[in-house]
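Chemist: using only what follows, build the 3D model:
(chains A, B and C, ligands or ions: 1)
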Amino acid sequence: MIPDEQLDFDACVLSGQVFRFKRTDEGWAGVDGTNLIKAKRVPGGWEVESRPNRDAWKAFLQIDRDLLDIRRRIASIEPRLIPMLDTFPGLRTLRLASPAETLFSFLCTANNHMSRIVRMTEFLASKGEELEADHYIFPSVVRLADTSEQELRANGFGYRGATIPAVAKTVLEKGGGWLKGLKTLDYLDARADLCRLPGVGLKLADCVCLFGLHFDEAAPIDTHVWKTLAEWYAPGYRHAPLSPSRYVEVSTLFRERFGDLAAWAQQYVFYNRYISYRTRTVTQV
DNA sequence: GTCGTACCACGG
DNA sequence: CGTGGTACGA
Ligand SMILES: [Mg+2]
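Modeler: All right, here's what the predicted structure looks like:
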């Protein structure tokens, strides 16, 4: 049993790191890579399991890392983050097994609503192997390259219906191990390489670096995170829009401050800001 | 570098 | 009308 102070499974799968986990009678179920992961709610914590690989969930949740220690270190670096740490103390940064799944999932996120992101990633996933009813292994890059723009557009993908097969073809041209091979590069080099892909800019590249390539110093800056980081670390940009050069500047400051905790710190900021944004937009209608 | 603009679809 | 952006030209 994983105690609540070490794991808030709800927060993990609702904080925009993965998009295909579903509630069950017991708790949650979803696919990561080639494994089905199930989390069962028990008093004071969670019981997590995975199949066929019984250990897959451990890497996914980075369960070997002590969250108390991580929170303590983040708090000492930036006390202004403490309220965010305390709001979701069990929030963890996830490590997805497949860089390709990460790339194509986050390609669906740009300038998009969560609800449509879920719908789109589900549609892509449905082209893969069904592990269990309603739970699919994300399709191969070959399969995605084979999917027609017309079919995707017919299923509500809009202009991403063109981007997704185009990126898939580009990835194939670069050769089989290219994506995973980025893990061996320095973080900034990996990010720069990803940015060369059509439809992939700094933010998406950082998402792939963090969730798919497992760089702990990667901290995606989206519109929500930007508001907090600009206010804290670049007050002059407080009301300025997020631009590529400002992204690089503030992302560098953030990384220099948090080091290999940048990814974790970012996740707490994002989920807190995202939740308050959701609350705000829900109540006004 | 910055700024404005288009981009698909669709929830709010 | 804006969305967990990106790309392009001025
Ligand atoms: Mg690009």
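Chemist: how about the CA coordinates for stretch A:40-53, as PDB?
Modeler: In PDB, the C-alpha atoms belonging to stretch A:40-53 read as follows (Å, rounded to 0.1, in the frame of the first residue of the first chain):
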ATOM      1  CA  LYS A  40      -7.300   0.600  -6.100                       C
ATOM      2  CA  ARG A  41      -8.300   3.100  -3.400                       C
ATOM      3  CA  VAL A  42      -7.800   1.700   0.100                       C
ATOM      4  CA  PRO A  43      -8.000   3.400   3.500                       C
ATOM      5  CA  GLY A  44      -5.100   5.800   3.800                       C
ATOM      6  CA  GLY A  45      -3.600   5.100   0.400                       C
ATOM      7  CA  TRP A  46      -3.500   3.200  -2.900                       C
ATOM      8  CA  GLU A  47      -2.800  -0.300  -4.000                       C
ATOM      9  CA  VAL A  48      -1.300  -0.200  -7.500                       C
ATOM     10  CA  GLU A  49      -0.600  -3.100  -9.900                       C
ATOM     11  CA  SER A  50       0.200  -3.600 -13.600                       C
ATOM     12  CA  ARG A  51       0.200  -6.300 -16.200                       C
ATOM     13  CA  PRO A  52       1.800  -8.000 -18.000                       C
ATOM     14  CA  ASN A  53       4.800  -6.300 -16.400                       C
END
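Chemist: in it, what counts as buried?
Modeler: Neighbour counts over stretch A:40-53 (16 or more other C-beta atoms under 10 Å) mark A:40, A:45-46, A:48, A:50 as buried. For the C-beta atoms, the positions are set from N, CA and C on the backbone; glycine is no exception.
Chemist: which positions in the stretch 101-250 of chain A make contact with DNA strand C?
Modeler: Near DNA strand C, the residues belonging to the stretch 101-250 of chain A are A:109-114, A:117, A:195, A:197-205, A:207, A:220, A:222-225 when assessed by C-beta under 7 Å from any atom of the strand.
Chemist: which among these count as buried?
Modeler: With neighbours counted using 16+ other C-beta under 10 Å, those contain these buried positions: A:109-110, A:117, A:197, A:200, A:202-205, A:207, A:220, A:222, A:224-225.
Chemist: great, nothing more from me.
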